[in-house]
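**Q** Could you look at this predicted model? Sequence included:
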Amino acid sequence: MPHSGQNDGVATLNRRNFLRLGLGSATLLAGASLTANLSGCSSSDAPAAENTASGYRYQFLTADDLTLFRALLPAIVGPSLPPEQSPQQSAIEGTIQNIDSGIVHFSRANQQQLRQLLDLLNGSFTRITLARMWPTWEEASTDDVSRFLARWRDSSIGLFNNGYIALIKITNVAFYGNPAHWEVSRYPGPPKWAVDALPQFQSPA
């Protein structure tokens with residue numbers, strides 16, 4: 001859906017508030033990212049994921065990020081996904097593309113914070129020590145991922161709470177921003193103000 005000049009200011013403000021809420025503890029996140037960097041786990045300089053069969057070219061997410069979100073989506077939007085395997089996979093891949101195309105509209109500072117969070121989750125050492133995920137994201141079951149999300153949601157550590165909120169918000173906005181998903185999930189659609197505020201996460205018409 002194209003941007004309109006009328007909504008640009010609102011969209012910018014909401015993008016900023018959206019990630020501030022989700023990634024608020026920049027100092028803690030930077031410290032965790034440093035741990036990932038020192039253990040050789042950072043993907044900050046990794047190339048973006050390759051073009052997809054549909055012709056979409058990823059601009060922010062790396063191949064590791066795609067694996068991560070493929071594991072996260074069934075745990076986050078679960079019952080709202082189509083039950084059949086092929087439509088379900090298409091919904092997951094389309095949502096990840098929406099996530100990527102939405103993130104590129106964020107400020108450089110917010111992108112850097114999000115990159116630190118994704119690096120933390122993708123690094124072997126930090127995935128095990130901070131996310132307490134022994135299996136890789138590719139090997140993890142939906143139950144494994146659900147338990148990880150619950151740990152971060154209920155943690156007394158602000159970094160984990162903020163990381164949880166960021167992952168949930170980014171995924172939900174990208175998934176439910178696509179009208180094709182509303183019927184399967186029995187979702188009536190977001191209010192118009194929310195659609196107008198975050199046009200970058202919508203699927204193109």
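**A** Sure, I can see it.
**Q** what residue ranges in the chain score low on pLDDT?
**A** 1-54, 179-205 (pLDDT under 70).
**Q** Do a quick rundown of the helices in it.
**A** Using DSSP state H, the helices of the chain run over residues 5-22, 26-38, 63-76, 85-103, 108-122, 124-129, 142-154, 158-176, 182-185, 192-197.
**Q** how many other residues sit next to the residue lying closest to residue 171 once chain neighbours are set aside?
**A** Once flanking residues are discounted, residue 171 sits nearest to residue 76: 4.7 Å by C-beta to C-beta, 6 or more residues apart in numbering. Where C-beta positions appear, they are placed from N, C-alpha and C, glycine not excepted. Neighbour count for residue 76, taken as other C-beta atoms under 10 Å: 21.
**Q** again, but for residue 100
**A** Residue 100 has 21 neighbours, counted by other C-beta under 10 Å.
**Q** Test my guess that it contacts residue 61.
**A** Yes. Residue 100 lies in contact with residue 61 (C-beta atoms under 8 Å); the separation is 4.6 Å.
**Q** what's the neighbour count on residue 79?
**A** Using other C-beta under 10 Å, residue 79 has 9 neighbouring residues.
**Q** ok now do the residue nearest to residue 171, which residues does it touch?
**A** Residue 76 makes contact with 149, 167, 168, 171, 172, 175, according to C-beta atoms under 8 Å, 6 or more residues apart in numbering.
**Q** likewise residue 90?
**A** Per C-beta under 8 Å, 6+ apart, neighbours of residue 90: residue 82.
**Q** For residue 107, see how far away it is.
**A** 31 Å (C-beta to C-beta, to the nearest Å).
**Q** Could you do residue 94 as well?
**A** According to C-beta to C-beta, residue 94 stands 25 Å off from residue 107.
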